[in-house]
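A.B. asks: What would the 3D arrangement of this be:
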Amino acid sequence: MTIPDPAAEFFVHPTAVVDEGAAIGPGTKIWHFCHIMPGAELGPGCNLGQNVMIASGVKLGRNVKIQNNVSVYTGVVCEDDVFLGPSCVFTNVRNPRSAVPRRSQYLATVVRRGATVGANATIVCGTEIGEYAFVGAGAVVTKPVPPYALVAGAPARRIGWMSRCGHRLEFDAAGTAVCPESGEKYLLNEDGVHCME
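C.D. replies: Just a heads-up that it's a prediction; the model follows:
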C-alpha cells in the first residue's frame, strides 16, 4: 500500500503517469493508473480516483474531486469545488468521424464552481454547467444547465433546484427556500435561483 507523504507538495501513485509539462497544484492526489497529459493544469487540493485521464489543455480549479474511470478531454474547464462522479463522460466534438480530423473544431465545456456531475452522466461538448448545479446519474446534458438547477434524464431536463450543500430546495409561494443543512436562504424568480447569503 502506498501512503501519500505529507511533506510532499502533491502525491502521484507509482502506477500513474504524469507527463512532463503538466502543472499539479499542492495537496493534489493522483491515484492508481491515472494519466495526466502535458499542458494539463490541476489546481491545489484535487483528488483523482483510479483510471482518470486528464488531456492537454484541461484546467481543474481548487478542490476538484474526480471519481474512478473518468476521461476529461481537451476543451473542458472545471472550476473550484467541482465533483465528477464515477464513469461520467465528456466529449469535445459534436460530430466525430474517425476519417475526418476535427482537432481544430473542439468545443469548450465549462463546469462552474461547486457543480456536481453524477455517475455515468454524459456532458455533450459546447455546454456550460452552472454554479452549484446538479446533473443526475445517467443524464445526457445537451444544452446549458442554469446555476443551482437539478437536471436528469436523456436529454437532461430541469426537475428541481439544489442548494450549495446538495439538498433539493422546496420553494414557498413567495419563492423562497432554506437549505436544511446550512440554513442558507434562496430566492427563485424569473432569472432562476439565487443564494441570499
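
A.B. asks: Kindly provide the distance from the residue of the chain most remote from its centre to G57.
C.D. replies: The outermost residue of the chain relative to its centre, with distances by CA atoms, centre = their mean, is A173 at 32.6 Å. From A173 across to G57, the span is 47 Å (CB to CB, to the nearest Å). To be clear about C-beta, it is placed using only N, CA and C from the backbone, and glycine gets the same treatment.

A.B. asks: coming back round to it: next one: phi and psi at the residue farthest from the centre of the chain?
C.D. replies: phi -60, psi -20 (degrees, to the nearest 10).

A.B. asks: same deal with G138?
C.D. replies: phi 80, psi 0.

A.B. asks: OK, contacts around it?
C.D. replies: G118, A119, N120, A121, A152, A154 (CB atoms under 8 Å, 6 or more residues apart in numbering).

A.B. asks: Now do the same contact list for the closest residue in space to the last one that isn't next to it in sequence.
C.D. replies: Closest residue in space to A154, ignoring its immediate chain neighbours: V140 at 4.0 Å, by CB to CB, 6 or more residues apart in numbering. Residues counted as contacts of V140 (CB under 8 Å, 6+ apart) are A121, T122, V124, G153, A154, P155, A156.

A.B. asks: what do you get for E79?
C.D. replies: G61, V110, V111, R112, R113, G114, A115.

A.B. asks: hmm, try it at 7 Å
C.D. replies: E79 makes contact with G61, V111, R112, R113, according to CB atoms under 7 Å, 6 or more residues apart in numbering.

A.B. asks: Could you check how far it is from A177?
C.D. replies: Distance of E79 to A177, computed by CB to CB: 24 Å.

A.B. asks: ok, now V151?
C.D. replies: The gap separating V151 from A177 is 18 Å, by CB to CB.

A.B. asks: Settle it for me: which of these two has more neighbours?
C.D. replies: V151 (24 against 21; other CB atoms under 10 Å).

A.B. asks: Helix, strand or coil: sort out that one for me.
C.D. replies: strand (DSSP: H, G, I helix; E, B strand; the rest coil).

A.B. asks: ok, what's across the strand from it?
C.D. replies: V151 has these beta-bridge partners by DSSP bridges: V135, R158.

A.B. asks: so T122 touches G85, yeah?
C.D. replies: No. Between T122 and G85 there is no contact under CB atoms under 7 Å: 11.6 Å.

A.B. asks: mind listing what F134 touches?
C.D. replies: Per CB under 7 Å, 6+ apart, neighbours of F134: T116, L150, M162, G166.

A.B. asks: Filter the residues you listed down to the buried ones.
C.D. replies: Buried members of those, counted by 16 or more other CB atoms under 10 Å: T116, L150, M162.
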